[in-house]
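**Q** Predicted model, plus sequence, below.
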Amino acid sequence: MSVTQSSAAVRPGMDAVSKVMAGIGAGLLAGLVGGVVARVMMRFVALVIGEVPGFNLGATLMICVAFGIFVVPGAVAAAFRARRTTVALLVLGAGAVAFATVAEAVTVLEDRVLTTGQGVTLLVVAVGFLAAVLSLAVAAWWFARRFTTPR
């Protein structure tokens, strides 16, 4: 057993391919959940800044898949019980999602003049986005562990 692996039980009969598939599924499922939460928050931001909120299924699916792709490597590492690697990859994945989210928000809001109420509301939404990004990483880890732990 390597230094980065835990002695926790893994579901009997799980070979490397099964663990990789469990990790991919866990990452994509976490991305689906995180993407839907982010999309709801984006709709709220549109309402706060006075835009007419729209819904595009293709854009929502793209956001969910992108969020999932960012955390799949960490979820695969979690399926293999590689603790340090899992933490590093999930932090990097969540950081990439946070960076992309902030970059998009700056692009959308850069030329807007906001009232104090709008600014405070958007600050609360930004904290919500941070919580959603952190929960994305935690969800990927949890799903990967759940998919590979014996019942």
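**A** Yep, it's here.
**Q** Mind pulling the model confidence for the residue nearest the centre of the chain?
**A** With distances taken as Cα atoms, centre = their mean, residue 136 lies nearest the centre of the chain, 3.1 Å away. pLDDT recorded at residue 136 is 93.
**Q** Verify the stated contact: it with residue 34.
**A** Yes. Judged on Cβ atoms under 8 Å, residue 136 makes contact with residue 34 at a distance of 3.7 Å. Quick note: C-beta positions are derived from backbone N, CA and C, even for glycine.
**Q** any common contacting residues for those two?
**A** Overlap between the contact sets of residue 136 and residue 34, as judged by Cβ atoms under 8 Å, 6 or more residues apart in numbering, is given by 67, 71, 97.
**Q** Residue 14 in helix, strand or coil?
**A** Here residue 14 is coil, with the state taken from DSSP: H, G, I helix; E, B strand; the rest coil.
**Q** where's the closest residue to it other than its chain neighbours relative to residue 23, distance?
**A** Using Cβ to Cβ, 6 or more residues apart in numbering and skipping the chain neighbours, the partner closest in space to residue 14 is residue 148 (6.0 Å). In this view, residue 148 and residue 23 are 8 Å apart by Cβ to Cβ, to the nearest Å.
**Q** residue ranges with poor pLDDT in the chain?
**A** 1-13 (pLDDT under 70).
**Q** any chance you could map the helices in it?
**A** 16-48, 57-79, 83-109, 116-148 (DSSP state H).
**Q** most tightly surrounded among those helices?
**A** By mean neighbour count, with neighbours taken as mean count of other Cβ atoms under 10 Å, helix 57-79 ranks first of the helices of the chain at a mean of 21.
**Q** So which elements touch it?
**A** Using 3 or more Cβ pairs under 8 Å, 6 or more residues apart in numbering; DSSP states H and E, the elements in contact with helix 57-79 are helix 16-48, helix 83-109, helix 116-148.
**Q** can those helices go into TSV with extra columns for distance to residue 77?
**A** Putting the helices and strands packed on helix 57-79 into TSV (distance: least, Cβ to Cβ, whole Å) gives the following:
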stretch	distance to residue 77
helix 16-48	7
helix 83-109	4
helix 116-148	8
